[in-house]
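Visitor: Next comes the sequence, and after it the predicted model I'd like to discuss.
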Amino acid sequence: MMNKLYSIALTAGLLGLLACNNSDGPTDTPTSGNINISVDETFRPIIESQVNTFEGIYTRADIDDTYKPEGQVVEDLLTDSTRVAILSRELTPEERAVFDKQKRIPRSTKIAIDAVALIVNKENSDSLLTVEELKRIFSGQAKTWKDLDESSELGDITVVFDNNNSSTARYVRDSLTTNQKLPENSFAAESHEALIDYVTENKNAIGVLGVNWISDRDDTTAVGFMNKVRVVGVSEYADPISEDEYYQPYQAYIAQQVYPLRRNLYIISTEGRSGLGTGFAAYVASDKGQRIILKSGLVPATMPVRVIGLGNQ
């Protein structure tokens, strides 16, 4: 009898030990547990809204969302510091090769169409620019506002980014300067709030930021920002016939692909199982998550946008 009791106790002890060892592995599910996600800081307003809503629905889920420049987000993903990243680009072949060596498979989900917005001081009347003029500004060929408009009474152009390593700075280098260095008259304000404040206080400045910082008309912070600055209308035509050929980064114009400075937004996950990161990505791509994107002023990736007449800008 004692031997039998000993055997039962030993078996129970071994099972308990195995359970303790297994607890070292991931314990999260698609709707519960804890994970950290690394997010391009350009998209903080929209992703904070997504995380707060997700955690409100799934109360056992805890998502630690950290916001960083794009380069640091990619580094987090490559070094396995995070299983989920949110970026305005897909991985490069070189980055995918790193994952191949690590035997990890990154999965990318397109969640929105975003845009890069340009803002100028309220006193600046040059709020209509062509893509060609932007190329001259960001390549350093146009150094003063008079270089663009001889009648301008403004002085030297100052270009302001949120961060030297940000996705907006990378977008400008890739799309508007053909990978040249940014001009000497540009600098990083280190935050979107500081960028908007600088443009507000300096009439010669032009700021570059993600449109979701100024696009949500129901967000008092975004509305406050909009009241401080002027949003630039951009034309893809070298010699526009009228002001009607310039477009601001309104949701309808992004959806119609007439606003030129567009880019996509992705969730990239390296989870090899159905964990909380997978559940969050599925939620953002679902009808509820896409409605949050629609409300924010971006263009949802998986649901139609109803485009209505906006009248004159």
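Guide: Yes, it's here. Residues are numbered from 1 along each chain as shown.
Visitor: ranges for the helices of the chain?
Guide: Secondary structure of the chain by DSSP state H: the helices cover 2-22, 44-57, 70-78, 93-102, 131-139, 167-176, 192-201, 220-228, 251-255, 276-285, 287-296.
Visitor: ok, of those helices, where does mean pLDDT dip lowest?
Guide: For these, mean pLDDT drops lowest on helix 2-22, to a mean of 40.
Visitor: pLDDT value on the residue lying closest to residue 144 once chain neighbours are set aside, please?
Guide: Excluding its sequence neighbours, the residue lying closest to residue 144 (Cβ to Cβ, 6 or more residues apart in numbering) is residue 156, at 5.3 Å. (Each C-beta comes from the backbone N, C-alpha and C, glycine too.) Per-residue confidence (pLDDT) for residue 156: 95.
Visitor: neighbours of residue 94, just the number please.
Guide: Residues lying near residue 94 (other Cβ atoms under 10 Å) number 7.
Visitor: If you could redo that for residue 97, that was the one I meant.
Guide: Neighbour tally, residue 97, other Cβ under 10 Å: 11.
Visitor: can you check residue 237 too?
Guide: Residue neighbour count, defined by other Cβ under 10 Å, stands at 12 for residue 237.
Visitor: Point me to the residue sitting closest to the centre of this structure.
Guide: The chain has residue 43 as the residue nearest its centroid, 3.5 Å off, counting by Cα atoms, centre = their mean.
Visitor: correct me, but that one touches residue 213?
Guide: No - using Cβ atoms under 8 Å, residue 43 is not in contact with residue 213; the gap is 9.2 Å.
Visitor: orientation of the lengthiest strand in the chain relative to helix 287-296 in degrees?
Guide: Looking across the chain with DSSP state E, the single longest strand is strand 107-121. Strand 107-121 runs at 10 degrees relative to helix 287-296, counting by axes from the mean of the first three to the mean of the last three Cα atoms, to 10 degrees.
Visitor: Enumerate the positions of strand 107-121 that are buried.
Guide: 108-109, 111-121 (16 or more other Cβ atoms under 10 Å).
Visitor: what's the average pLDDT for that strand?
Guide: Rounded mean pLDDT across strand 107-121 is 95.
Visitor: relative to helix 167-176, how tilted is it?
Guide: Using the same axes, to 10 degrees: strand 107-121 against helix 167-176 is 90 degrees.
Visitor: Output strand 107-121 as CSV, nothing but the C-alphas.
Guide: Taking Å, rounded to 0.1, in the frame of the first residue of the first chain, the C-alpha atoms of strand 107-121 are listed here in CSV:
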residue,chain,number,x,y,z
ARG,A,107,3.9,37.3,-42.2
SER,A,108,2.7,40.7,-43.5
THR,A,109,-0.9,42.0,-43.4
LYS,A,110,-1.8,45.2,-45.2
ILE,A,111,-4.1,47.2,-42.9
ALA,A,112,-4.4,50.6,-44.4
ILE,A,113,-3.4,53.1,-47.1
ASP,A,114,-1.7,56.1,-45.5
ALA,A,115,-0.3,59.4,-46.8
VAL,A,116,2.6,61.7,-46.0
ALA,A,117,1.3,65.2,-45.3
LEU,A,118,3.1,68.5,-45.6
ILE,A,119,2.4,71.5,-43.4
VAL,A,120,3.4,75.2,-43.6
ASN,A,121,3.0,78.2,-41.4
